[in-house]
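Asker: Structure here, sequence nowhere to be found:
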């Protein structure tokens, strides 16, 4: 009997039944996707996340009762770390920034090509942060020029926790430039698993939940890497890159 590849179990959240059904139909045509549930607002989304345990949530922003950003807050407030991708017609700055601040992993627009949306969903499932090109530029420009209030992208990290290793800081800068884990691995001649390992540690130290927030923090505050007390600038052995048999290999599991 042939082995069936596992599919990403997707929860769709949108208040427009016609759009929801059309998107579900398109998604069902992808060999690696499966729609496991639907919801029409953020409150229903939280209930479905609890009941269905999807692999990823694709959610609109503007919805009645509890909107998409409120839904993200409910899900994150319940301690659920399921990837959430906003799929919306809104390219408004406030919606984008509030979604990121709330803990969304990506922000896509409904006028994108289906293939772009599908790639974004797959990327979010891999731990990447898909952002529609039309709003990504606005996000970076606003952050670079101080156009976002300090409270928008915040971190509760202490100075000690923000002492990233040299490699973690280097990878964070490449994330800010828009590179994927695979592209970073190629650029630095390390394994993709090692990149994931460093990203995970950097997110924990900065007290942020995803790559978008980490990149935003890097743009606002500059290189968070602090010099070692011995003045050598070298990393402890535990922070150095490992080959397939080293510590970085398990990050792909």
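Answerer: On my side now, so go ahead. Quick caveat: nothing in here was measured; it's all calculated off a predicted structure.
Asker: Check what pLDDT residue 144 gets.
Answerer: Note on residue 144: pLDDT of 57.
Asker: give me the beta-bridge partners of residue 11?
Answerer: residue 37, residue 57 (DSSP bridges).
Asker: mind listing what the spatially most central residue of the chain touches?
Answerer: Closest to where the C-alpha atoms of the chain average out (Cα atoms, centre = their mean) is residue 105, at 3.0 Å. Counting by Cβ atoms under 8 Å, 6 or more residues apart in numbering, residue 105 makes contact with 83, 84, 85, 124, 129, 130, 209, 210, 211, 212. For glycine as for every other residue, the C-beta is placed from the backbone atoms N, C-alpha and C.
Asker: ok, it to residue 170 distance?
Answerer: 22 Å (Cβ to Cβ, to the nearest Å).
Asker: Likewise for residue 188?
Answerer: Taken as Cβ to Cβ, the span from residue 188 to residue 170 is 7 Å.
Asker: what helices or strands is the helix or strand harbouring residue 115 leaning on?
Answerer: Assigned by DSSP states H and E, residue 115 belongs to helix 114-125. For helix 114-125, the packing partners by 3 or more Cβ pairs under 8 Å, 6 or more residues apart in numbering; DSSP states H and E come out as strand 8-13, strand 56-59, strand 84-88, strand 106-109.
Asker: from the chain's centre, how far out does it sit?
Answerer: 12 Å (Cα atoms, centre = their mean, to the nearest Å).
Asker: can you map out the helices along the stretch 51-200 of the chain?
Answerer: For the stretch 51-200 of the chain, the helices defined by DSSP state H, counting those that start in this stretch occupy 68-77, 93-102, 114-125, 133-144, 166-176, 181-188, 192-206.
Asker: and the closest residue to residue 107 other than its chain neighbours, how far is that from residue 106?
Answerer: Nearest residue to residue 107 in three dimensions, chain neighbours excluded: residue 86, at 4.8 Å (Cβ to Cβ, 6 or more residues apart in numbering). Distance, residue 86 to residue 106, using Cβ to Cβ: 7 Å.
Asker: Neighbour count for these two, which is higher?
Answerer: The neighbour count for residue 86 versus residue 106, taken as other Cβ atoms under 10 Å, is higher for residue 86 (29 against 25).
Asker: Run through the bridge partners of that one.
Answerer: On the basis of DSSP bridges, residue 86 is bridged to residue 59, residue 107.
Asker: contacting residues for it?
Answerer: With contact set as Cβ under 8 Å, 6+ apart, residue 86 has these partners: 59, 60, 61, 68, 72, 95, 99, 104, 106, 107, 108.
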